[in-house]
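Peer 1: Fold the stuff below for me.
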Amino acid sequence: GSSGQVLTSQGASAAPSWTSVSAAPEVTMTASGAIGANKPVKVNSNGTVSEVSMAAPGFVGTGQVVNTGNPSFIRMAYTPDQDKVLLVYIRSNYTYMRLGTITAGAVTYGSEVQVDGNTATEIAVCYDTWRDAFVIVLKQGNNPYIFIATVSGTSVSITSNRQRITTSAVDQLEVVEAPAAQRIVVFYRDQNNSYNLRGQIGAWSNTYGNYEAWYGAQTVGSGNCLNPTAIYDPAANRGVVAWTDYDGGNWALRILQFTTTASSLSMGSTVNIGTDIQRYGSNGGIKTLLNQGKAVFVFQQGTSNLIARSATISTSNPGTISLIGSNTIIEGGDHEYVIAASQTSSANNGKIMVVFEDQGDSQKGKSKTLTMNSSGAFTVNNDLLTFNNEEVKHLAIIADPDTDQFIVSNWTATNSSLLTHVYREESSNMTANDFLGFSTAAISDTASGAIAVTGNTTTQSSLTAGQKYYVQKNGTLGTSADDPSVVAGIALSSTKLLIK
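Peer 2: Purely as a prediction, here's the structure:
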């Protein structure tokens with residue numbers, strides 16, 4: 001051999017040979033999608049390569065079929081520390097649950113688990129951060145019963161006996177945590193008390209492994225009340241509940257905030273948002289925004305408009321919630337069944353997604369997003385999407401701020417199925433480990449081309465010699481690490497980068 005060559009094996013039956021070591025190493029790869037010249041490239045799981053880029057916000061795929069047994073009364077709750085979602089639903093009159101693990105662009109569900117051997121007609125569910133467990137409330141017969149579901153890895157199980165909350169005949173269930181007081185609060189419409197909205201506080205019992213001690217019911221709203229929804233705001237340590245009631249021939253939307261003590265609710269004044277409320281989502285409709293001390297309400301007013309309204313949660317005791325500005329129209333037209341809203345991370349300036357059944361378009365499942373600034377004012381985004389191209393019912397939604405995703409579940413007409421959809425915010429197709437190098441020339445989709453790899457150089461522009469550069473998640477180069485952190489190389493000149 002000559003200077004600079006190395007001896008390489010040719011196999012067991014062949015003599016070794018000398019070969020030259022490339023001073024500019026590169027590999028030949030097949031492109032998935034067109035790749036521009038001198039662009040950062042990542043390896044795909046199927047062995048092809050793609051240009052590093054950002055994917056636009058939107059739903060991933062067409063939805064995952066979770067169940068085909070004509071489920072109803074679909075509810076979801078999210079664990080803020082585990083990136084898990086609990087999906088609870090009624091199928092063939094019995095209640096079932098499945099635990100989903102959230103990853104980028106997907107939810108992986110475990111096996112279906114039956115909650116209880118008694119039939120049920122309504123569900124409410126929340127995550128209790130104090131107990132680090134899910135709380136499920138079922139209407140069985142005429143009464144509400146509470147169950148505790150605990151997560152272990154990717155599995156979930158009922159770890160309590162069922163406990164009856166009240167002997168009154170009730171419906172319209174809602175449950176919300178009160179972790180600072182180490183309590184849980186259940187709201188319901190009391191059929192034995194003029195259909196008033198009532199709230200009851202439960203205290204934990206180690207003996208029963210459940211919220212077993214229930215204090216006297218308190219009247220929250222009078223008259224024929226429907227669709228209570230409640231949230232807990234950890235920043236203010238206050239709860240907020242909203243509901244509709246029939247007032248003078250019209251349905252009105254009421255809200256109030258409350259403080260949970262050891263044995264009672266300390267309630268502020270009731271605030272009226274509006275009248276002619278045609279629909280207010282009992283499976284959503286009210287959300288608190290992360291670390292902002294505000295709540296958002298979504299409702300259908302008349303048959304003309306889907307509305308959003310914000311309010312500031314008071315930190316006084318118990319305090320009265322204060323409406324901000326005026327109603328904001330999210331989408332014109334009539335929106336049927338259930339309306340839900342949720343929010344991804346506060347880094348997105350309070351982004352909210354609203355999902356709904358469009359009464360004017362064959363009851364299809366649609367979504368729209370809006371953002372809310374620190375003053376509580378909304379900006380409605382021009383991003384109406386159809387995520388389910390046929391009739392939907394039983395909509396549910398949660399947000400995962402860790403992965404900047406919304407998870408939507410619903411009943412759909414095809415096979416009377418339960419579907420889950422994942423909506424991703426703008427995201428990079430590159431991870432921390434799949435960066436390969438830089439294209440040496442433009443490569444057409446499905447064509448093969450050369451990729452310069454570690455030890456080679458790539459032609460770039462406007463570099464600073466001696467400076468380390470990182471691949472940014474949108475495919476550009478920068479002197480600061482992005483997320484994920486991927487080193488591109490060291491600049492040798494204003495136009496040459498040594499690939500690391």
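Peer 1: mind listing the strands in the stretch 251-400 of the chain by residue range?
Peer 2: 265-267, 271-274, 277-280, 286-289, 294-301, 305-312, 322-332, 335-343, 351-358, 364-372, 378-380, 385-400 (DSSP state E, counting those that start in this stretch).
Peer 1: Looking at the ones you listed, which is nearest to Ala31?
Peer 2: The closest of these to Ala31 is strand 385-400. By Cβ to Cβ, the value is 28.9 Å. Placement of C-beta: from N, CA and C, glycine included.
Peer 1: After that closest one, which helix or strand is next? Please name it.
Peer 2: Downstream of strand 385-400, the first helix or strand assigned by DSSP states H and E is strand 405-412.
Peer 1: What average pLDDT does that next one get?
Peer 2: Mean pLDDT, strand 405-412: 93.
Peer 1: partners of it, with directions?
Peer 2: When pairing is defined by DSSP bridges, strand 405-412 lines up against strand 385-400 (antiparallel), strand 417-424 (antiparallel).
Peer 1: I'd like those strands written out as JSON lines, with mean pLDDT and mean neighbour count added.
Peer 2: Formatted as JSON lines, those follow (pLDDT from 0 to 100; neighbours: other Cβ atoms under 10 Å):
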{"stretch": "strand 385-400", "mean pLDDT": "92", "mean neighbour count": "21"}
{"stretch": "strand 417-424", "mean pLDDT": "94", "mean neighbour count": "22"}
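Peer 1: Tabulate the strands of the stretch 251-400 of the chain in TSV, adding columns for distance to Gly449.
Peer 2: As requested, those are exported to TSV (distance: least, Cβ to Cβ, whole Å):
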stretch	distance to Gly449
strand 265-267	67
strand 271-274	59
strand 277-280	55
strand 286-289	47
strand 294-301	49
strand 305-312	49
strand 322-332	45
strand 335-343	43
strand 351-358	38
strand 364-372	38
strand 378-380	42
strand 385-400	35
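Peer 1: wait, which of these is closest to Ser428?
Peer 2: strand 385-400 (17.2 Å).
Peer 1: Tell me which of the strands of the stretch 251-400 of the chain lies nearest to Asn433.
Peer 2: Proximity to Asn433 (Cβ to Cβ) singles out strand 385-400 among the strands of the stretch 251-400 of the chain, at 22.2 Å.
Peer 1: Report the backbone C-alpha coordinates of that closest one in CSV.
Peer 2: The C-alpha trace of strand 385-400 is given here as CSV (Å, rounded to 0.1, in the frame of the first residue of the first chain):
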residue,chain,number,x,y,z
LEU,A,385,-59.8,22.3,10.9
THR,A,386,-62.0,19.2,10.3
PHE,A,387,-60.6,16.4,12.4
ASN,A,388,-63.5,14.0,12.0
ASN,A,389,-65.2,14.0,8.6
GLU,A,390,-68.5,12.6,9.8
GLU,A,391,-71.0,12.9,12.7
VAL,A,392,-69.3,13.1,16.1
LYS,A,393,-70.7,13.0,19.7
HIS,A,394,-69.3,12.9,23.2
LEU,A,395,-66.4,15.2,22.6
ALA,A,396,-63.6,15.3,25.2
ILE,A,397,-60.3,17.2,25.2
ILE,A,398,-57.2,17.6,27.3
ALA,A,399,-53.9,19.5,26.7
ASP,A,400,-50.4,18.1,27.4
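Peer 1: what angle separates that strand from strand 364-372?
Peer 2: Going by axes from the mean of the first three to the mean of the last three Cα atoms, to 10 degrees, strand 385-400 is angled at 50 degrees with respect to strand 364-372.
Peer 1: follow-up on the earlier one: for the strands of the stretch 251-400 of the chain, which one sits closest to Ala133?
Peer 2: Using Cβ to Cβ, the nearest of these to Ala133 is strand 385-400, at 16.5 Å.
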